[in-house]
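S.K.: Mind looking at a prediction? Sequence and model below.
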Amino acid sequence: MIARLIGRRHQAALAWATAAGVGGELSAVGLTASGAWLIARAGQQPPLSALALAIVGVRAFALFRGGLRYVERLTGHDAALRVLADLRVRAYEALRRSADPALRETAPGERDAELVQRMVADVESVQDLLLRCLLPTVVSWAVGLAAVALSAVLLPAAGSVLAAGIVLAGAALPTVA
């Protein structure tokens, strides 16, 4: 249903927004991990050359995080606004085709105005669906799967515990709530 709502033209832009979001969130995870390692290792007072790669990593992850987050916002909002524009056109065309010719000649009443306001609000809610529901959900599940995969490679027990926590926090608790 969402694919029909979005249309093929805008799926690529939303895919780019999703990819940028995943990259930005993975950069945030990398930033946290490399920053934590850098602080822990710096406490041991090694030579600065032993910390150089981590310092560059922290800077790179911070820059990628900000840049990819910006790209995600830009492409996501652009795609959502284009979807809304197409949806408005389709909704008004459907209204125009289905309107009774006798109704077109009369002045709209208060009930008609409420109907139009509700339709406009429903069309506008598509933007919230895309930007505040669909995109963050896909990004969070993708980053969660990547974190589980990496954890499972490094320490299989940690990967299974992380997977259980993600399923509990991402699927079970929202379903109960």
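M.R.: Done, it's in. Residues are numbered from 1 along each chain as shown.
S.K.: This structure: strands as residue ranges?
M.R.: With DSSP state E, there are no strands along the chain.
S.K.: what's the weakest-modelled helix or strand in it?
M.R.: Of all the helices and strands that make up the chain, the one with the lowest confidence by mean pLDDT, DSSP states H and E is helix 101-105; it has a mean of 54.
S.K.: who touches residue 147 in this structure?
M.R.: Residues in contact with residue 147 (Cβ atoms under 8 Å, 6 or more residues apart in numbering) are 29, 162, 166. From N, CA and C alone the C-beta is placed, and that goes for glycine too.
S.K.: The second one against residue 150, yeah?
M.R.: Same thing as residue 162. No: taking contacts as Cβ atoms under 8 Å, residue 162 lies outside contact range of residue 150: 9.3 Å.
S.K.: tell me, what's touching these two both at once?
M.R.: Contacts common to residue 162 and residue 150, judged by Cβ under 8 Å, 6+ apart, are absent.
S.K.: hey, which helix is longest across the chain?
M.R.: In the chain, ranked by residue count with DSSP state H as the criterion, the top helix is helix 48-98.
S.K.: what pLDDT, on average, does it get?
M.R.: Rounded to a whole number, the mean pLDDT of helix 48-98 is 91.
S.K.: Could you double-check that residue 124 lies in contact with residue 81?
M.R.: No: proximity of residue 124 to residue 81 does not meet the contact threshold set by Cβ under 8 Å, at 10.8 Å.
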